[in-house]
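> Could you look at this predicted model? Sequence included:
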Amino acid sequence: AGTSGSITLCTTSPSIDLFTLLGNSPETGGTWSPALASGTGVFDPAVDTAGTYTYTIVGTPPCADSTATVAVTIELAANAGTFTGIQTICNSTGNFDLNTLLDGTQQAGGVWVNGQGDTITNIISVTDLIAGTYTFVYTVTNTCNSDSEVVQLTINQSPNITIDDVIVLTPICQGESITITVFNLSNGNYSINYSLTGSNILPNQTVLLTASNGEGNFTIDSTQLVNSGITTLILNSITNSDTTCTTVLSGLNFAIEVLPIPSISNSTIQIVNVCFGNDVLVQISGATNLTDGNYQFVYSIPNANPITGNSGIISIVSGNGQFTIPSSVFPLAGVYTMSLISISNLATNCINLNPNVAVTFEILAQPSITEALVSMVGICVNTEGTVLISNANNLSDGTYQLTYQISGAINFNETIPVVFTNGETSFVIPSSVINNFGNITISINPLNSIIGNACGVSGNTFNSITISIEEVETPQLVEGGNSFCEDDNATIADLTNGIIGSETIIWYDAPSSGNAYSNSDLLVDGVTYYASIQSSTGCESAVRLQVIVVIKDCTEIVIPDGFSPNGDGINEVFEIKNIRTLYPNFTLEIFNRYGNILYKGNANSLDWDGTSDKGIQIGGNKLPVGVYFYIINFNDGSRKPLQGRVYLSR
């Protein structure tokens with residue numbers, strides 16, 4: 001089979017007979033293994049694979065087979081791959097692998113050359129490249145051949161800004177938006193990502209910006225800057241919306257000062273009521289939202305003239321300040337409301353156009369009592385009395401201090417508060433003061449003693465009044481007027497019949513206060529009743545008459561101690577109870593103190609009514625008040641005559 005050999009072929013090499021590669025004159029007629037595509041020993045690099053091929057000569061026994069081999073190595077033809085098309089990248093990409101421009105079939109170990117003919121690596125830096133399309137060539141060379149592929153790469157410029165390219169308009173006032181201006185940009189559309197830290201915190205906000213003539217701007221809305229103080233604007237990145245190239249920014253931080261809007265509340269502004277014709281003082285205190293400085297307040301006051309005004313320049317220190325509203329703007333006394341329209345900080349030019357503060361105050365009228373009238377009705381001793389002041393129509397409603405004096409039967413003075421409403425008021429003189437009867441004069445001190453407000457009171461003094469304090473005496477009961485027979489079923493009216501005089505009598509169950517009886521109430525034995533005279537003015541006795549009622553079994557005549565024939569229908573005659581029943585034959589004789597007989601009567605006669613046609617008389621046959629004497633003859637054959645006396649009252 002000869003001696004073994006070897007050969008290196010390219011895939012493009014022509015076919016070769018492997019037999020020619022054996023040495024030492026091999027015999028012909030042998031076979032090749034593995035079999036070749038040609039079916040003979042001819043090797044075609046285009047179809048047969050590299051490897052070791054064995055040539056065998058079959059030996060004739062007893063001789064063994066003889067073999068030899070040929071090792072075939074195939075080298076691939078040089079392949080630089082296929083350009084897949086132009087790629088576009090941003091120079092902010094940094095490093096770029098040129099191999100990604102080929103289809104991946106290229107052989108390694110080739111050489112990259114740039115457009116200037118410089119040999120470079122496949123990893124290139126595009127950071128500093130300007131925008132444009134660049135050409136590169138990749139060449140692969142081996143023993144077989146050399147192959148090159150031309151590729152292209154387009155570079156887009158990533159937008160980039162420095163701190164000097166940005167202008168931030170600061171400070172701003174709360175409620176305002178802020179404009180950020182960016183320079184040195186190519187014309188086009190951009191998006192900027194930013195964050196806020198500090199007084200206002202808001203991460204990763206994106207805003208659109210259009211650049212023209214190298215300049216563009218964007219706005220941060222006031223809703224993102226609600227808190228006063230220092231807010232830091234951080235520009236995180238900028239993206240060219242047309243090329244999608246993005247640049248991550250670093251160190252672009254800007255301080256935004258948000259100035260507070262001047263603000264106060266109803267509780268920090270006060271207006272004290274003043275008298276008509278005086279300036280109104282507006283006092284500001286504890287307004288912690290107002291930094292020290294100069295301010296102007298614009299206000300409106302309905303019904304004033306003019307309605308709108310301003311404070312002028314006022315200084316606020318530690319939240320305190322004040323300004324005046326001229327008296328000339330208030331045409332009339334009355335209640336006014338000042339509403340703030342705006343508050344301006346003159347140092348920062350920050351203005352609050354909606355303070356939402358309104359304060360109500362009063363321009364006090366000059367009180368007057370020129371037409372006032374003091375009145376009071378007569379009162380009873382030991383009862384309270386009400387003094388009425390009316391027709392003080394020019395006196396403002398409100399509480400006043402009033403001093404009054406009592407002279408005459410009572411001496412007293414007192415200072416009290418009174419409330420005037422619609423020109424009227426009243427006050428009560430306590431019953432403890434009305435402790436004596438007679439005439440009293442009530443005087444109310446002059447005007448300077450009436451203090452309703454700081455404006456004083458104009459007009460004359462109040463008129464004095466004189467009234468009578470009535471004292472009603474304690475009633476008197478005729479002797480025996482508290483005694484009644486059981487059969488009489490005596491009532492309060494019967495008890496009243498025993499009272500001397502014709503005044504109205506009211507009976508009570510207590511010496512003071514208590515409950516009043518009705519005239520029809522039945523009397524109860526042993527019960528104490530209290531009688532009071534009620535005058536025509538309604539006054540009653542200061543001291544009530546105490547009467548203990550006695551109810552007895554009347555089996556004997558009852559002779560009264562007196563009677564009062566004065567025409568009031570009560571106790572008009574000298575009536576001896578039960579005498580006509582017990583002694584039907586009796587006779588009665590009445591004498592004066594001189595022993596002159598004035599009256600004779602019996603069971604058929606009318607009871608003696610205090611008249612006579614004999615002796616001393618007044619006004620016809622009426623006998624005068626006094627003590628008279630009687631003799632009763634019973635004429636029953638057993639009882640002796642009875643003598644006594646009776647008092648006649650008119």
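Yep, it's here.
> ok, Val207 - contacts?
Ser191, Ile192, Tyr194, Phe218, Thr219, Ile220 (C-beta atoms under 8 Å, 6 or more residues apart in numbering). In this view, the C-beta of every residue, glycine as well, is placed from N, C-alpha and C.
> could those residues go into TSV alongside distance to Thr28, pLDDT and secondary structure?
Shown next, in TSV, are these (distance: C-beta to C-beta, whole Å; pLDDT from 0 to 100; DSSP: H, G, I helix; E, B strand; the rest coil):
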residue	distance to Thr28	pLDDT	secondary structure
Ser191	82	95	strand
Ile192	85	96	strand
Tyr194	88	97	strand
Phe218	91	96	strand
Thr219	96	96	strand
Ile220	95	96	strand
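> Kindly supply the PyMOL command isolating those of the residues you listed that are buried.
Of the contacts of Val207, the buried ones go into a single PyMOL selection, burial set by 16 or more other C-beta atoms under 10 Å:
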select buried, resi 191+192+194+218+220
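> In a markdown table, list the contacts of Val207 along with distance to Val137.
Converted to a markdown table, the contacts of Val207 look like this (distance: C-beta to C-beta, whole Å):
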| residue | distance to Val137 |
| --- | --- |
| Ser191 | 37 |
| Ile192 | 40 |
| Tyr194 | 44 |
| Phe218 | 44 |
| Thr219 | 50 |
| Ile220 | 50 |
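> for the stretch 51-200 of the chain, what spans make up the strands?
51-57, 66-75, 87-90, 95-97, 111-113, 119-120, 123-125, 132-141, 146-156, 166-168, 172-173, 178-183, 188-198 (DSSP state E, counting those that start in this stretch).
> swap that for the stretch 351-500 of the chain, sorry
358-364, 373-375, 379-380, 385-390, 398-408, 412-420, 425-429, 438-444, 465-470, 483-485.
> Give me whichever of those strands is most buried.
strand 379-380 (a mean of 22; mean count of other C-beta atoms under 10 Å).
> Please name the strands paired to that strand in the sheet, noting orientation.
Within its sheet, strand 379-380 is paired with strand 465-470 (parallel), according to DSSP bridges.
> Surely Asn382 and Ile434 touch.
Yes - counting by C-beta atoms under 8 Å, Asn382 does reach Ile434; the two are 6.2 Å apart.
> and Ser443, which of the strands of the stretch 51-200 of the chain is closest to it?
With C-beta to C-beta, the closest approach to Ser443 among these belongs to strand 172-173: 65.9 Å.
> Show me how far that closest one is from its chain's centre.
30 Å (C-alpha atoms, centre = their mean, to the nearest Å).
> on contacts alone, who are the packing partners of it?
strand 253-259 (3 or more C-beta pairs under 8 Å, 6 or more residues apart in numbering; DSSP states H and E).
> buried set for the strand it packs on?
By neighbour count with 16+ other C-beta under 10 Å, strand 253-259 contains the buried residues Phe254, Ile256, Glu257, Val258, Leu259.
> Look up the residues forming beta bridges with the fourth one.
Going back to what we said before, that points to Val258. Beta-bridge pairing for Val258 (DSSP bridges): Ile172, Gly229.
> Next, the contact list for it, please.
Pro171, Ile172, Cys173, Gln174, Ser199, Asn200, Leu225, Asn227, Ser228, Gly229, Ile230, Thr231.
> Quick one: low-confidence residue ranges for the stretch 551-650 of the chain.
Applying pLDDT under 70 to the stretch 551-650 of the chain picks out residues 554-555, 614-620.
> Using PDB, write down the CA coordinates of the longest helix along the chain.
Counting by DSSP state H, the longest helix found in the chain is helix 492-497. Provided in PDB are the C-alpha atoms of helix 492-497 (Å, rounded to 0.1, in the frame of the first residue of the first chain):
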ATOM      1  CA  ILE A 492    -115.100  83.300 105.500                       C
ATOM      2  CA  ALA A 493    -117.700  85.900 104.500                       C
ATOM      3  CA  ASP A 494    -119.200  85.600 108.000                       C
ATOM      4  CA  LEU A 495    -115.800  86.200 109.500                       C
ATOM      5  CA  THR A 496    -115.400  89.300 107.300                       C
ATOM      6  CA  ASN A 497    -118.700  90.600 108.700                       C
END
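> How is the protein divided into domains?
5-75, 87-156, 163-259, 266-364, 373-469, 472-554, 557-650 (automatic domain parsing).
> can you put those domains in a markdown table and add distance to Gly81?
As requested, these are exported to a markdown table (distance: least, C-beta to C-beta, whole Å):
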| stretch | distance to Gly81 |
| --- | --- |
| domain 5-75 | 17 |
| domain 87-156 | 3 |
| domain 163-259 | 28 |
| domain 266-364 | 68 |
| domain 373-469 | 105 |
| domain 472-554 | 129 |
| domain 557-650 | 152 |
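> And these, which one averages the lowest pLDDT?
Mean pLDDT is lowest for domain 373-469 out of those, coming in at a mean of 81.
> Please state the offset of that domain from the chain centre?
On C-alpha atoms, centre = their mean, the centre of domain 373-469 falls 43 Å from that of its chain.
> Got phi/psi on Lys600?
Phi and psi for Lys600, reported as degrees, to the nearest 10, are phi -130, psi 140.
> ignore the last one, Lys622
phi -70, psi 130.
> Distance check, the nearest residue to it once chain neighbours are set aside against Pro565.
Once flanking residues are discounted, Lys622 sits nearest to Thr611: 5.6 Å by C-beta to C-beta, 6 or more residues apart in numbering. Applying C-beta to C-beta, to the nearest Å, the value for Thr611 to Pro565 is 8 Å.
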